[in-house]
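Undergrad: Sharing a model that was predicted from the sequence below.
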Amino acid sequence: MSAKVVVSKRRNVNRQAIFLITLWPFPEDFFLSDPELKSKVPLEYLSHKEKYEEAVRKACLLFRKVIQLQNEGKGGMDNFREVLGGQLGSAILPDGNPITLHYVMFIPTLMGQGTIEQQAEWIQKAWNCDIIGTYAQTELGHGTFIRGLETVAKYDPKTEEFVLHSPTLTAYKWWPGGLGHSANYAVVVAQLYTQGKCHGIHPFVVQLRDEETHEPLPGIKIGEIGCKLGMNSTNNGYLGFDNVRIPRNYMLMKNSQVLPDGTYVKSPSSKLTYGTMIFVRVVLVQDAATYLKKASIIATRYSAIRHQSQIKPDQPEPQILDYVTQQYKLFPNIASCFAFQYAATWLWDTYNNITEELETGQLDNLPELHATACVLKAVSTADAAQGVEMLRLACGGHGYMTASNLPSTYGLVTAMCTYEGENTVLLLQTARFLVKMWQNKTNVYKLPTMKYLATALNRATPFEKSVEWVIAALQKTAAGKIDLANRHLNERVAKGQSYEDAWNNTSIELVSAAEVHGRTIIVEQFYNTVQGYKSRVSKELGTVLEQLLQLYAVNAALRCTGDFLRFTEVLGKDITVLQTWLEELLSQIRPNAVGLVDSFDMRDEILSSALGCYDGNVYERLFNEAQKSPLNAEPVNKSYNLYLKPFIKAQL
Ligand SMILES: CCCCCCCCCCCCCCCCCCCCCC(=O)SCCNC(=O)CCNC(=O)[C@H](O)C(C)(C)COP(=O)(O)OP(=O)(O)OC[C@H]1O[C@@H](n2cnc3c(N)ncnc32)[C@H](O)[C@@H]1OP(=O)(O)O
Ligand SMILES: Cc1cc2nc3c(=O)[nH]c(=O)nc-3n(C[C@H](O)[C@H](O)[C@H](O)COP(=O)(O)OP(=O)(O)OC[C@H]3O[C@@H](n4cnc5c(N)ncnc54)[C@H](O)[C@@H]3O)c2cc1C
């Protein structure tokens, strides 16, 4: 396959940033109208092996079409984003894409961690798909604690090679997407040893399979890890090394180097090796918004079609959308879609600005970027997973059908809470930075996401029914929680605990403080975006956006009433005002609910749901989907004669 990519010789080019510039309206039809990209049989009726084979067939066609568009000059990297993300990507490959990691982590790591020469060597090949790669970091024994990885890369100056080895079973790589049978190369993260000393984890490019036959190379033990809750076509794999040799220049050496004689040259920051993880955490916030939008469309449209029970005995069964409890399940999730979308856009811009600085050697803003990416990834994916499950429940029994596409959407979104950093662990990373800033308050003034900490604790926040008040109250609560956690940490240390034990013993409070900090950022970004839009949109649209903003804010406030009572001046009677405000907003949003989810602009083929179609023909679609069950192909199944009949006829 041929595609052109120009590797710039300029060092300060943010190569990951160029991925997501949208210059071209994405031609969904080019993909969705291709009969070869449609499934002939619903995936759930295929075996595990057939699912994988079908996914590889489609993934190859999908990327061939993206490259065709690119060669015709139609769009650029944004096309990749569309086909990899939760919108078009998950419609065509509902149980995951077996080559995603090639684009989302392998190529970005070559770009972010390789020298100019290494990029020139590898990127064109990867871009042309002459090689297919993955990102092999996690091991059977360690996913979170990457400093504890056991795979070893030992430098041999005699041959100028690294020797990769898995000394134990727990050192086996475990989880990388596409590793099982799709990829023939990987970026492998391993402990670097040179001149008898361990220098910590570093990234290496390793060939795993023959480029022609795809047979595993000598010393490479490789396979797929088996069935999972979801994402069963992503071909997550395992990988062990038995003294596999690779050339010296296969270590990605943009940040630290091993010279031919084995001398180690240190990186300006050991955390630059973690750069690809920051990149993926940033793009996941957008993906969380996309999955939540999908589920919100399905559940809201279904709620407008479904009639059940009676509100008043003498009246017809209402649309279930008219039940206030139903509105409470749906509308805060619709508001969250907007909130996460705006937070994702803001985080993406922040990421671009800070990575530009990193390219020029300025590392000052890296810790804040890391802390912010961690908390926004954690809060958005946790809320999206919880939201998708709530929206599934909001569809009653039909939401449990795979034909609703809600179970599979949940399978995709809940995985996000674990991969690319387990959410609790990420919140603790943010808490670590918050506490550090809290202890040295002068630093706080400089940080856009944290400067509120300098004044929030002592600011009066008398209750008023406004978003501005919610933001101030969240800020005061976050500051109060950080302050309290920090005090408890110090008290434990003063009583003789080590700092690490005290940290662990305070970690419930620390996680909670980080979470409120994350929600503060999200509400603030939502607020700033709506203020920016107000002068540019119609009065009516401005009103609806304002209602969504208020709903997101008041719901965020009601989720932490206990904390508000502890850390702000709010009183019990004010909570009643908040509750009434929420109820008013639900009824204001009700007439626009279907219009709002329609505005997410997802076609029926993308929703892939019998419940969520635009025309509302829910029951016909459910019935038609049932006809696809292989059990309905014959009126009597052979198990009747084999087992049931003898069982029924037998004298028990
Ligand atoms: C070509 C076109 C392409 C177009 C592309 C278009 C893309 C668009 C596509 C859109 C669709 C998307 C689809 C997605 C599908 C995804 C598929 C699934 C992917 C799933 C992949 C994975 O799942 S892949 C594995 C991820 N696996 C983790 O995620 C491990 C977590 N575990 C850690 O990440 C570390 O283990 C952990 C905890 C930090 C501790 O690390 P540690 O022990 O070394 O560090 P310590 O805690 O001791 O901290 C020491 C100091 O380091 C500081 N620090 C720590 N991290 C830092 C950092 N990153 N940057 C800066 N600073 C950092 C910290 O703040 C401290 O700073 P200080 O000392 O000053 O306080
Ligand atoms: C679908 C999927 C795809 C994946 N794809 C890839 C891939 O392509 N490449 C790759 O390298 N990896 C991949 N992974 C692995 C993923 O990155 C790890 O699973 C993730 O980082 C979590 O690590 P873990 O599994 O070791 O969980 P653990 O760390 O074992 O977590 C278990 C529990 O321990 C807790 N815990 C752990 N450490 C701490 C701590 N310090 N403080 C408090 N609590 C703690 C966690 O909060 C959690 O509750 C994938 C995983 C999944 C599920």
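TA: Now that the structure is in, tell me what you want to look at. If you're wondering where the values come from, they're calculated on a predicted model, not measured in any experiment. Ligands and ions are numbered 1, 2, ... in the order given.

Undergrad: quick one: the helix or strand residue 49 falls within near ligand 1?
TA: If you go by DSSP states H and E, residue 49 is part of helix 48-71. No: on the criterion C-beta under 6 Å from any ligand atom, helix 48-71 is out of touch with ligand 1, staying 9.2 Å away. Placement of C-beta: from N, CA and C, glycine included.

Undergrad: now swap in stretch 150-169 and tell me
TA: No: using C-beta under 6 Å from any ligand atom, stretch 150-169 stays clear of ligand 1, coming no nearer than 13.6 Å.

Undergrad: Mind checking the pLDDT average for that stretch?
TA: Mean per-residue pLDDT for stretch 150-169: 98.

Undergrad: got the end-to-end distance for that stretch?
TA: Distance across stretch 150-169, first residue to last, is 10 Å (C-alpha to C-alpha, to the nearest Å).

Undergrad: do stretch 163-181 as well
TA: Using C-alpha to C-alpha, one end of stretch 163-181 lies 23 Å from the other.

Undergrad: Hmm, residue 456 is touching residue 479, no?
TA: Yes: assessed by C-beta atoms under 8 Å, residue 456 is found in contact with residue 479 at 3.9 Å.

Undergrad: in the longest helix seen in the chain, what's buried?
TA: Longest helix in the chain by number of residues (criterion: DSSP state H): helix 324-359. The neighbour-count check on helix 324-359 (16 or more other C-beta atoms under 10 Å) flags 326-344, 346-348, 350-352, 354-355, 357-359 as buried.

Undergrad: Next: stretch 499-518.
TA: Of the residues in stretch 499-518, those buried (16+ other C-beta under 10 Å) are 502-503, 506-507, 509-518.

Undergrad: Send me it as PDB with only the CA atoms.
TA: Output in PDB follows, covering the C-alpha atoms of stretch 499-518 (Å, rounded to 0.1, in the frame of the first residue of the first chain):
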ATOM      1  CA  TYR A 499       5.200   9.400  54.000                       C
ATOM      2  CA  GLU A 500       4.300   6.500  51.700                       C
ATOM      3  CA  ASP A 501       2.200   4.700  54.400                       C
ATOM      4  CA  ALA A 502       0.600   8.000  55.300                       C
ATOM      5  CA  TRP A 503      -0.200   8.500  51.600                       C
ATOM      6  CA  ASN A 504      -1.800   5.100  51.200                       C
ATOM      7  CA  ASN A 505      -3.800   5.600  54.400                       C
ATOM      8  CA  THR A 506      -5.100   9.000  53.100                       C
ATOM      9  CA  SER A 507      -5.700   7.800  49.600                       C
ATOM     10  CA  ILE A 508      -9.500   7.600  49.700                       C
ATOM     11  CA  GLU A 509      -9.600  11.300  50.500                       C
ATOM     12  CA  LEU A 510      -6.900  12.100  48.000                       C
ATOM     13  CA  VAL A 511      -8.800  10.400  45.200                       C
ATOM     14  CA  SER A 512     -12.000  12.200  46.200                       C
ATOM     15  CA  ALA A 513     -10.100  15.600  46.200                       C
ATOM     16  CA  ALA A 514      -8.700  14.900  42.700                       C
ATOM     17  CA  GLU A 515     -12.200  13.900  41.400                       C
ATOM     18  CA  VAL A 516     -13.700  17.200  42.600                       C
ATOM     19  CA  HIS A 517     -10.800  19.100  41.000                       C
ATOM     20  CA  GLY A 518     -11.600  17.300  37.700                       C
END
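
Undergrad: Now look at that stretch and say if it contacts ligand 1.
TA: No: under the criterion of C-beta under 6 Å from any ligand atom, ligand 1 is not reached by stretch 499-518; the shortest gap measures 10.4 Å.

Undergrad: Where does pLDDT dip in the protein?
TA: For the chain, the stretches flagged by pLDDT under 70 are 1-24, 652.

Undergrad: Domain ranges for it, per the record?
TA: Described in terms of automatic domain parsing, the domain architecture of the chain consists of the residue ranges 17-97, 131-267, 276-595.

Undergrad: Near ligand 2, which residues of the stretch 351-500 of the chain are found?
TA: Within the stretch 351-500 of the chain, the positions near ligand 2 by C-beta under 6 Å from any ligand atom are 415, 418, 419, 420, 421, 422, 424, 425, 428.

Undergrad: So among those residues, which ones count as buried?
TA: For those, a burial check counting by 16+ other C-beta under 10 Å picks out 415, 419, 420, 421, 424, 428.

Undergrad: For those residues, give me TSV that also has secondary structure and distance to residue 610.
TA: Listed next are these as TSV, based on DSSP: H, G, I helix; E, B strand; the rest coil; distance: C-beta to C-beta, whole Å:
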residue	secondary structure	distance to residue 610
415	helix	24
419	coil	29
420	coil	31
421	coil	35
424	helix	36
428	helix	41
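
Undergrad: filter the buried residues of helix 324-359 by proximity to ligand 1?
TA: Counting by C-beta under 6 Å from any ligand atom, no member of these reaches ligand 1.

Undergrad: Now do the strands in the chain.
TA: Taking DSSP state E, the strands of the chain run over residues 133-136, 152-156, 161-165, 173-174, 185-194, 197-207, 220-224, 237-241, 244-247, 257-258, 264-265.

Undergrad: just checking, what packs against the last one?
TA: The reference is to strand 264-265. Judged by 3 or more C-beta pairs under 8 Å, 6 or more residues apart in numbering; DSSP states H and E, the packing partners of strand 264-265 are strand 257-258.

Undergrad: Which strands border the strand it packs on, and is each parallel or antiparallel?
TA: strand 264-265 (antiparallel) (DSSP bridges).

Undergrad: Can you tell me what sits against the strand it pairs with?
TA: 192, 194, 195, 197, 199, 256, 257, 258, 259 (C-beta atoms under 8 Å, 6 or more residues apart in numbering).

Undergrad: and if you look at stretch 392-399?
TA: Against stretch 392-399 from outside (C-beta under 8 Å, 6+ apart): 295, 298-299, 302-303, 306, 308, 326, 329-330, 391, 400, 404, 406-407, 410, 610-611, 618, 622.

Undergrad: Smallest gap between this protein and ligand 2, at which residue?
TA: Nearest residue of the chain to ligand 2 (C-beta to the nearest ligand atom) works out as residue 143 at 2.4 Å.

Undergrad: That residue is in contact with residue 425, isn't it?
TA: No: look at residue 143 against residue 425 with C-beta under 8 Å: they stay out of range, at 9.3 Å.

Undergrad: burial count for residue 580?
TA: 12 (other C-beta atoms under 10 Å).
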